[in-house]
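>>> Got a predicted structure plus its sequence, pasted below:
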Amino acid sequence: MEEKLKLSPDSFEPLAKGEAQDNEKIAAPSLTFTQDVWLRLKKNKGAVVSLIVILLMVIVAFGSTPFINKSTLVKSQPQYANLPAKVPGLDAINGLNGKIKQGGVWVDAYAKNDVPKDKYFYLGTDYLGRSLAQRIIYGTKVSLIVALVATFFDLTVGVAYGIISGWKGGRVDNVMQRIIEIISSIPNLVIVVLMLVVLKPGMTSIILAIAISSWTTMARMIRAETLSLKTQEYVLAARTLGESPTKIAWKHLVPNLSSIIIIQTMYTIPSAIFFEAFLSFIGIGITAPETSLGVLLNEGQKNFQFLPYQMWYPAIVLCVLMIAFNLLGDGLRDAFDPKTRR
């Protein structure tokens, strides 16, 4: 039989005092939930680019208020009517150098209308000679204001209604959900038309329509999640310790509902922007001489065959705005809940 290998005490070298080896220790920085979400969001290039685009559009729209007001928007200049875009330094690009195609030939519209050489309209003018760039910036501001109003009602009425419905449960929950079903069954367009019976077309009627119906989706989602959260151990412990429902909702429910609230808000904003643009386009929202992206689309489609740029520019801005919010919403959804990522 083979001899067993015996190790003598001399085969081992003890570590010096104070030294230790721990090869299995995993060193990683401690991150909060918010930091973890931000790290995941930064990896989504589309969401980051969308966030930058949205911030730029918000800064331009609201930062232009001292320079663009209603008086400059409604002031007509017939001598500058229907001019194409003209951008300094882009003289070689037709369509951006003040030239327009007429009868198959590019014609310098600025020289034809005796426009001063130092006068530029970066996105052209409309049929009354008003700057399209200024009207698009102001229209974007109006659309964002409508989106902020929708967000406000989502965060106040929708969240509060959903938490109360889910927390109370039973008969109270049943009654509150039937109310939501009744409101949801009425199309938004019908609500706006009813508003027009009392109010004239404009921002007020759109805001009231949003106030009545925009919060129902948020309320349903919050209610469903509250039904699940209220049976969790930490909520039951808080109730056992005598915490009031208001404190439990604020300290425990709202933080755990934050991901749903933020994600749903990101989807509410583009829906509200499109809703305003649609109403203004069909003539029952904001109307001329006021401006919004929907009004600009309505005015541009009348001359689309001959002056397509008057419709293309506001349409591009509207598309970029909605796509950016949708991509950011998808990125936030994946960041808050990686398991939903495909």
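All right, it came through fine.

>>> The helix or strand bottoming out on mean pLDDT in the chain: what's the following helix or strand?
Taking mean pLDDT, DSSP states H and E as the measure, the chain has helix 70-74 as its least confident helix or strand, at a mean of 70. Toward the C-terminus, helix 70-74 is succeeded by strand 99-102 as the next helix or strand (DSSP states H and E).

>>> buried residues in that next one?
99, 100 (16 or more other Cβ atoms under 10 Å). Where C-beta positions appear, they are placed from N, C-alpha and C, glycine not excepted.

>>> how far does stretch 111-122 stretch from start to finish?
Start to finish, the residues bounding stretch 111-122 are 16 Å apart (Cα to Cα, to the nearest Å).

>>> tell me which residues of that stretch are tucked away?
So stretch 111-122, judged by 16+ other Cβ under 10 Å, has buried residues 113, 115, 120, 121, 122.

>>> List of residues touching it?
Residues from elsewhere that reach stretch 111-122 (Cβ atoms under 8 Å, 6 or more residues apart in numbering): 79-80, 83, 85-88, 98, 109-110, 131-133.

>>> Next, format the buried residues of stretch 111-122 as a markdown table and append pLDDT.
What follows is the buried residues of stretch 111-122, written out as a markdown table (pLDDT from 0 to 100):
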| residue | pLDDT |
| --- | --- |
| 113 | 78 |
| 115 | 80 |
| 120 | 81 |
| 121 | 82 |
| 122 | 83 |
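
>>> want to throw the residues you listed into JSON lines with distance to residue 204 and secondary structure?
Converted to JSON lines, the buried residues of stretch 111-122 look like this (distance: Cβ to Cβ, whole Å; DSSP: H, G, I helix; E, B strand; the rest coil):
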{"residue": "113", "distance to residue 204": "38", "secondary structure": "coil"}
{"residue": "115", "distance to residue 204": "38", "secondary structure": "coil"}
{"residue": "120", "distance to residue 204": "36", "secondary structure": "coil"}
{"residue": "121", "distance to residue 204": "32", "secondary structure": "coil"}
{"residue": "122", "distance to residue 204": "32", "secondary structure": "coil"}
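
>>> Make JSON lines out of those and add distance to residue 254.
Below are those laid out as JSON lines (distance: Cβ to Cβ, whole Å):
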{"residue": "113", "distance to residue 254": "59"}
{"residue": "115", "distance to residue 254": "57"}
{"residue": "120", "distance to residue 254": "50"}
{"residue": "121", "distance to residue 254": "49"}
{"residue": "122", "distance to residue 254": "45"}
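
>>> out of those, what pair is the most spread apart?
Largest separation among the buried residues of stretch 111-122 by Cβ to Cβ: 113 and 122, giving 16.8 Å.

>>> Tell me how many other residues surround the residue nearest to residue 169 when sequence neighbours are not counted.
With Cβ to Cβ, 6 or more residues apart in numbering as the criterion, residue 169 has its nearest non-adjacent residue at 7.2 Å, and that residue is residue 227. Summarising burial for residue 227: neighbours were counted as other Cβ atoms under 10 Å, giving 15.

>>> quick revisit: tell me the one of the contacts of stretch 111-122 nearest residue 37?
Distances from residue 37 to the contacts of stretch 111-122, taken by Cβ to Cβ, are shortest for residue 133, at 36.6 Å.

>>> tell me which element that closest one is part of?
Judged by DSSP H and E, residue 133 forms part of helix 132-153.

>>> and that helix, what does it pack onto?
helix 45-63, helix 70-74, helix 203-213, helix 254-281, helix 293-302, helix 309-336 (3 or more Cβ pairs under 8 Å, 6 or more residues apart in numbering; DSSP states H and E).

>>> I'd like to check the angle between that helix and helix 309-336, please.
30 degrees (axes from the mean of the first three to the mean of the last three Cα atoms, to 10 degrees).

>>> Put the alpha carbons of helix 132-153 into PDB.
Extracted C-alpha coordinates of helix 132-153, given in PDB (Å, rounded to 0.1, in the frame of the first residue of the first chain):
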ATOM      1  CA  LEU A 132     -42.800  79.900 -38.900                       C
ATOM      2  CA  ALA A 133     -39.900  79.400 -36.500                       C
ATOM      3  CA  GLN A 134     -41.400  81.700 -33.900                       C
ATOM      4  CA  ARG A 135     -44.800  80.200 -34.300                       C
ATOM      5  CA  ILE A 136     -43.400  76.600 -34.000                       C
ATOM      6  CA  ILE A 137     -41.500  77.500 -30.900                       C
ATOM      7  CA  TYR A 138     -44.600  79.100 -29.300                       C
ATOM      8  CA  GLY A 139     -46.700  76.200 -30.500                       C
ATOM      9  CA  THR A 140     -44.300  73.700 -28.800                       C
ATOM     10  CA  LYS A 141     -44.600  75.700 -25.600                       C
ATOM     11  CA  VAL A 142     -48.400  75.500 -25.700                       C
ATOM     12  CA  SER A 143     -48.200  71.700 -26.300                       C
ATOM     13  CA  LEU A 144     -45.900  71.300 -23.400                       C
ATOM     14  CA  ILE A 145     -48.200  73.300 -21.200                       C
ATOM     15  CA  VAL A 146     -51.000  71.000 -22.000                       C
ATOM     16  CA  ALA A 147     -48.700  68.000 -21.300                       C
ATOM     17  CA  LEU A 148     -47.800  69.600 -17.900                       C
ATOM     18  CA  VAL A 149     -51.500  70.000 -17.000                       C
ATOM     19  CA  ALA A 150     -52.200  66.300 -17.900                       C
ATOM     20  CA  THR A 151     -49.200  65.400 -15.700                       C
ATOM     21  CA  PHE A 152     -50.500  67.500 -12.800                       C
ATOM     22  CA  PHE A 153     -53.900  65.700 -12.800                       C
END
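
>>> Thanks a lot, see you next time.
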